[in-house]
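Enquirer: Predicted coordinates and the sequence they were generated for:
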Amino acid sequence: MTRKCEEVVPLLGPMNDGALEADDRAWVEEHLRGCSSCSDRRAFLAAQGQALREVLAARAAAASFDGFADQVMARIEKAPRASAAERTPVWFREMWGGHKGAFAATVGVALAACMALGVFFMPPRQADDGAEADGQVFADATGPEVQEVDFGTHDGAVLQLPDDTTVIWMSDDKTVQQ
């Protein structure tokens, strides 16, 4: 299958860098054998890459980092210190970002401990006559009072429990039949 130059050109850079997959490399090389334009473009890209490497190597060799750390520290010492109002949000973001899991686990354990202490130290429920309720929800012999109610667009019920506790239950929207 013959490939078009438009398909080959974007792959020339990765091919020169050795980053092209073997199967793609095979058909690109096949195309290059028959296309002088793409071969010339590949040679041009390789020459540009080599020229850039030489310039960067020369600049890196000429660069001197002697005393660089001292210069940086001197600039830091001269810079005005940020106010507490400017530092605080940064501190919180870094602390939360770095320790989010630990904070979440700590909050979960603390919440569970508080709930356990609340249950442990909760006084037993007393019935109206002063005797313990023994875990019964309804202390009187009559039981709860349930009334069915039509709320217009919802069906529901009102449940009256002892100690003036009211529970209102509503269903999903009911379909209106006409």
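Expert: Received the coordinates, thanks. Residues are numbered from 1 along each chain as shown.

Enquirer: quick one: residue 3 is in a strand?
Expert: No - note on residue 3: no strand contains this position according to DSSP: H, G, I helix; E, B strand; the rest coil, which reports coil.

Enquirer: and the gap between it and residue 14?
Expert: Here residue 3 is placed at a distance of 15 Å from residue 14 (Cβ to Cβ, to the nearest Å). All C-beta spots, glycine's among them, are computed from the backbone N, C-alpha and C.

Enquirer: Likewise for residue 151?
Expert: Spatial separation of residue 151 from residue 14 under the definition Cβ to Cβ is 68 Å.

Enquirer: May I see the buried residues of stretch 37-46?
Expert: Residues of stretch 37-46 classed as buried: 38, 41, 42, 45 (neighbour count, 16 or more other Cβ atoms under 10 Å).

Enquirer: What about the residues you listed, which are in helices?
Expert: Among those, the members falling in helices (DSSP state H) are 38, 41, 42, 45.

Enquirer: you'd agree the last one is up against residue 12?
Expert: The reference is to residue 45. Yes - with contact defined as Cβ atoms under 8 Å, residue 45 and residue 12 form a contacting pair (5.5 Å).

Enquirer: Enumerate every residue touching residue 160.
Expert: Counting by Cβ atoms under 8 Å, 6 or more residues apart in numbering, residue 160 makes contact with 144, 145, 146, 147, 166.

Enquirer: sorry, back to before: make a markdown table from the ones in helices among the buried residues of stretch 37-46 and add pLDDT to it.
Expert: As requested, these are arranged in a markdown table below (pLDDT from 0 to 100):
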| residue | pLDDT |
| --- | --- |
| 38 | 95 |
| 41 | 96 |
| 42 | 96 |
| 45 | 95 |
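
Enquirer: right, and the pair among these with maximum separation?
Expert: Greatest spatial distance in those: 38 and 45, 10.4 Å, computed using Cβ to Cβ.

Enquirer: Touching both of the two, which residues are there?
Expert: Residues touching both residue 38 and residue 45 by Cβ under 8 Å, 6+ apart: residue 12.

Enquirer: so what's residue 167 up against?
Expert: 158, 159, 161.

Enquirer: Looking at these, which one is closest to residue 92?
Expert: Nearest member of the contacts of residue 167 to residue 92, counting by Cβ to Cβ, is residue 161, at 45.3 Å.
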